[in-house]
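1. I would like the atomic coordinates for the input below:
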Amino acid sequence: MAESAPESWTDTERELWEAFREGEVFERRCGRDDIDDPFGDSPWGPERTVGADVLAHLLLAGPQPTAGRVASLRMSGVKVTGSLNLAGGHLERYVELRGCRFDHKILISEASATTLRMVECAIPRIEASRLSTTGDLHLARCRIPEGIRLTDAKIGTDLLLNQAVIGGDRYGRAISADGMTVHQDLEAERLETHGELSVRTARIGGRLSLRGAQLHADPHNRVCLNAVRLNVGHTLYLTSSADGGWFGSRSYYGSGYGQSPAPGAPSTPFRAYGQVRLSDARFDAACLISGEFHLEGDDELSLRRIHTPELRFTCTFRPTGTVSLSRARVGNLVDRPDSWPLGKHLGLTGFVYENLRPAAAFTVQQRIAWLEGSAVDFQPESYEQLAAALRRDGADDDAREVLYAKQRRRRETLPLPARGWGLVQDVTVGYGYRPGRAGLWLLLAWALGSIWFATHEPAPLKADEKPHWNAVLYTLDRLLPIVDLNQGAWNPGGTSQWIAAGLVIVGWLLASTVVTGATRLLQRG
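-> Next up, the predicted model:
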């Protein structure tokens with residue numbers, strides 16, 4: 001292998017050859033921000049220009065390093081002309097490009113590499129389907145107007161897209177990464193996309209962070225985040241990003257990497273302008289959602305059938321479209337009453353949660369209104385689920401309130417005669433969940449019965465006996481179905497007979513409700 005650069009290369013490219021062998025940074029920045037800006041219009045001359053074929057030669061068939069050095073491709077402030085085609089190649093050398101410009105897209109599909117770092121670079125498009133790396137893939141602060149393809153790629157450690165600005169391809173997709181595997185974290189904080197971010201069936205070994213990301217759907221493709229069947233080994237963050245330290249940072253991450261904003265601190269919220277699909281996703285630690293969802297028409301934030309030990313839904317800006325949790329299963333549900341959409345834009349069919357851990361005051365009446373804000377008609381299992389969660393927290397009174405609301409809501413779905421009977425049960429005994437109301441009706445029946453029988457003394461059951469008459473005790477004896485107050489020696493007739501029979505029926509209906517309520521109180525004590 002020749003240890004000198006090909007004669008056809010320019011002087012700049014020969015210098016790059018030597019820097020590659022030495023493992024040194026090929027630095028071409030002049031120190032002026034207006035000229036060094038890779039996204040600006042300032043022209044870069046031949047002293048800052050190399051051909052894409054030169055980079056391909058170095059990476060695929062480059063020279064051996066100088067003795068005692070490690071060869072690597074490290075460039076800053078360089079313009080690359082032509083199409084860089086590394087598809088199917090094996091890149092053994094470390095690659096780090098900072099502040100570079102590319103005239104054409106990068107082709108690196110089916111390639112294998114160690115670590116690839118392209119930071120703050122202008123690249124028209126990256127084709128990297130089935131790329132395999134043993135280390136990181138860094139694209140932080142890059143601008144890629146025609147999108148990235150990472151379908152079925154395998155990233156050995158981290159994938160970093162912090163502060164990148166990525167446009168869409170002809171299909172309206174900014175990032176196509178279906179089936180991708182990232183062994184550790186996927187960090188895309190303050191990412192800005194103009195097109196669909198698709199990570200369907202992807203597997204992330206650690207965290208997936210979209211803190212402060214701004215996702216815009218393409219006008220012809222209303223999906224801005226498509227993460228159907230995504231599997232995250234730790235936590236998904238669709239939350240705010242603290243503002244401090246990001247701008248002007250020269251690190252790979254920005255000093256805000258991995259941080260959540262302190263309460264009241266300046267921050268940039270996660271924003272989604274279009275549909276968000278997380279259906280059938282799995283999050284092994286938690287799913288944290290506190291961003292802004294600007295949904296139009298039939299747009300939906302779909303959390304259908306997700307599984308996670310904890311779902312934090314604490315948006316300070318109500319989603320403008322539909323949020324669906326149908327058949328989702330979570331452990332702790334952490335939420336706020338003002339985080340959920342209004343106007344029947346909530347799907348809770350089959351939603352299962354173990355515990356309620358509200359992040360702000362959430363009364364039982366607000367929780368019932370949350371249930372009844374569901375996008376579908378009466379669902380008894382939703383009330384049962386809520387009542388069970390409240391019981392597990394020891395809130396028995398709130399659980400009964402929910403079950404009472406369930407019966408009242410059910411009444412609206414019944415035929416007219418059944419609705420009438422249901423109304424009677426509601427008014428009299430509160431469907432058994434208002435024992436105090438039944439007690440008041442008992443007292444009223446006792447008072448009215450006593451007044452009637454005080455002026456309508458019945459005849460004795462035996463004509464030759466004249467027991468002492470007590471209208472109050474007689475009425476109470478009729479009302480209490482089990483207790484015998486020794487008032488059976490009277491034989492009321494006519495209207496009094498019907499009133500006595502009515503008191504017996506009322507007693508059976510109301511007294512049993514009162515006894516049940518008292519039993520619950522004693523058990524709780």
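2. rest of the way, CA atoms for contacts and neighbours
-> Fine.
3. Please tell me the pLDDT value assigned to Arg200.
-> We have a pLDDT of 97 for Arg200.
4. and it, that's in a helix?
-> No: assessed with DSSP: H, G, I helix; E, B strand; the rest coil, Arg200 is coil; it does not lie in a helix.
5. Just list the residues touching it, thanks.
-> 177-179, 226-230 (CA atoms under 8 Å, 6 or more residues apart in numbering).
6. Take those residues and lay them out in a markdown table including pLDDT and secondary structure.
-> Converted to a markdown table, these look like this (pLDDT from 0 to 100; DSSP: H, G, I helix; E, B strand; the rest coil):
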| residue | pLDDT | secondary structure |
| --- | --- | --- |
| Ala177 | 97 | coil |
| Asp178 | 97 | coil |
| Gly179 | 97 | coil |
| Asn226 | 97 | strand |
| Ala227 | 98 | coil |
| Val228 | 98 | coil |
| Arg229 | 98 | coil |
| Leu230 | 98 | coil |
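7. In JSON lines, list these along with neighbour count and distance to Arg271.
-> JSON lines is the format used below for the contacts of Arg200 (neighbours: other CA atoms under 10 Å; distance: CA to CA, whole Å):
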{"residue": "Ala177", "neighbour count": "25", "distance to Arg271": "20"}
{"residue": "Asp178", "neighbour count": "24", "distance to Arg271": "22"}
{"residue": "Gly179", "neighbour count": "21", "distance to Arg271": "24"}
{"residue": "Asn226", "neighbour count": "22", "distance to Arg271": "14"}
{"residue": "Ala227", "neighbour count": "22", "distance to Arg271": "16"}
{"residue": "Val228", "neighbour count": "23", "distance to Arg271": "19"}
{"residue": "Arg229", "neighbour count": "21", "distance to Arg271": "22"}
{"residue": "Leu230", "neighbour count": "25", "distance to Arg271": "20"}
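8. which of those lies closest to Arg336?
-> Nearest to Arg336, judged by CA to CA, of the contacts of Arg200 is Ala227 at 24.4 Å.
9. in the helix or strand hosting Val54, what counts as buried?
-> Using DSSP states H and E, Val54 falls within helix 52-61. By 16 or more other CA atoms under 10 Å, the buried positions in helix 52-61 come out as 52-56, 58-59.
10. In space, what's closest to Ala128 - neighbours in sequence excluded?
-> Residue nearest to Ala128 in three dimensions, not counting chain neighbours: Ser109, with 4.1 Å by CA to CA, 6 or more residues apart in numbering.
11. Backbone dihedrals for the one you found, please?
-> Main-chain torsions, Ser109, degrees, to the nearest 10: phi -60, psi 150.
12. any idea how far it lies from Ala188?
-> Counting by CA to CA, to the nearest Å, the gap from Ser109 to Ala188 is 21 Å.
13. give the contact list for Val25.
-> When contacts are counted by CA under 8 Å, 6+ apart, Val25 touches 19, 73-76.
14. burial of Gly45, as a residue count?
-> 9 (other CA atoms under 10 Å).
15. okay but Gln163 is in contact with Leu191, surely?
-> Yes: contact criterion CA atoms under 8 Å: Gln163 and Leu191 qualify, at 4.6 Å.
16. Low-confidence ranges, the stretch 201-350 of the chain, go.
-> 245-261 (pLDDT under 70).
17. One more pass at 50, please.
-> Scanning the stretch 201-350 of the chain for pLDDT under 50 picks out nothing.
18. For the nearest residue to Glu24 once chain neighbours are set aside, name its beta-bridge partners.
-> Of all residues not flanking Glu24 in the chain, Arg74 sits nearest, at 6.6 Å (CA to CA, 6+ apart). Bridge pairing for Arg74 (DSSP bridges) gives the partners Val25, Glu96.
19. cool, Val165 as well?
-> Where Val165 sits in a bridge, its partners, by DSSP bridges, are Arg143, Glu192.
20. how about low-confidence regions in the chain?
-> Along the chain, segments meeting pLDDT under 50 span 1-2, 521-525.
21. For burial, what's the neighbour tally of Val78?
-> Neighbour tally, Val78, other CA under 10 Å: 26.
22. Now do the contacts for it.
-> Taking CA under 8 Å, 6+ apart, we find Val78 in contact with 27-29, 48-50, 99-101.
23. how about 10 Å then?
-> 26-29, 36, 38, 44-50, 97-102, 121 (CA atoms under 10 Å, 6 or more residues apart in numbering).
24. roughly how far apart are the residue sitting nearest the centre point of the chain and Leu55?
-> What sits nearest the mean C-alpha location of the chain, by CA atoms, centre = their mean, is Ile289, with 4.6 Å. As for Ile289, its distance to Leu55 is 42 Å (criterion: CA to CA).
25. picking up where we left off before, which elements pack onto the helix holding Val54?
-> In terms of contacts (3 or more CA pairs under 10 Å, 6 or more residues apart in numbering; DSSP states H and E), helix 52-61 is packed against helix 11-22, strand 72-76, strand 79-81, strand 84-85, strand 90-91.
26. so which of those gets nearest Thr268?
-> Nearest to Thr268, of all the helices and strands packed on helix 52-61, is strand 72-76, at 29.6 Å by CA to CA.
27. What are the contacting residues of that closest one?
-> Counting by CA under 10 Å, 6+ apart, 16-17, 19-29, 36, 38, 48, 55, 58-59, 62, 65, 92-101, 116-121 sit against strand 72-76.
28. just the helices in the stretch 301-450 of the chain please.
-> Assigned helices in the stretch 301-450 of the chain, in chain order: 364-372, 380-392, 396-411, 416-429, 435-455 (criterion: DSSP state H, counting those that start in this stretch).
29. In CSV: these, plus mean neighbour count and distance to Ala281.
-> Formatted as CSV, the helices of the stretch 301-450 of the chain follow (neighbours: other CA atoms under 10 Å; distance: least, CA to CA, whole Å):
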stretch, mean neighbour count, distance to Ala281
helix 364-372, 17, 23
helix 380-392, 18, 22
helix 396-411, 19, 30
helix 416-429, 15, 42
helix 435-455, 18, 45
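30. Just put those helices in CSV and tack on distance to Ala265.
-> Compiled in CSV, these are given as follows (distance: least, CA to CA, whole Å):
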stretch, distance to Ala265
helix 364-372, 29
helix 380-392, 34
helix 396-411, 36
helix 416-429, 50
helix 435-455, 49
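31. of those helices, which approaches Lys154 most closely?
-> With CA to CA as the criterion, Lys154 lies closest to helix 380-392 of these, at 40.6 Å.
32. so what does the closest one touch, helix or strand wise?
-> Counting by 3+ CA pairs under 10 Å, 6+ apart, helix 380-392 packs on strand 352-356, helix 364-372, helix 396-411.
33. For Gly206, which of those is the nearest?
-> With CA to CA, the closest approach to Gly206 among the helices and strands packed on helix 380-392 belongs to strand 352-356: 23.8 Å.
34. returning to what we had before: name all residues that make contact with the residue nearest to Ala128.
-> 85-89, 126-132, 149-151, 153.
35. Could you do Gly373 as well?
-> For Gly373, the contact set (CA under 10 Å, 6+ apart) comprises 340-348, 367.
36. Now the contacts of Arg200 in CSV, please, with extra columns for distance to Arg203.
-> Listed next are these as CSV, based on distance: CA to CA, whole Å:
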residue, distance to Arg203
Ala177, 10
Asp178, 9
Gly179, 7
Asn226, 14
Ala227, 10
Val228, 11
Arg229, 9
Leu230, 6
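37. Show the contacting residues for Ala52.
-> 79-86, 102-104, 106.
38. now do 8 Å
-> 80-85.
39. What of Gly274?
-> Gly274 neighbours (CA under 8 Å, 6+ apart): 215-217, 222-225, 293-296, 299-300.
40. Among those, name the buried ones.
-> Burial by neighbour count, 16+ other CA under 10 Å: within the contacts of Gly274 this picks out 215-217, 222-225, 293-295, 299-300.
41. Can you flag which of those belong to helices?
-> The helices, defined by DSSP state H, take in nothing from those.
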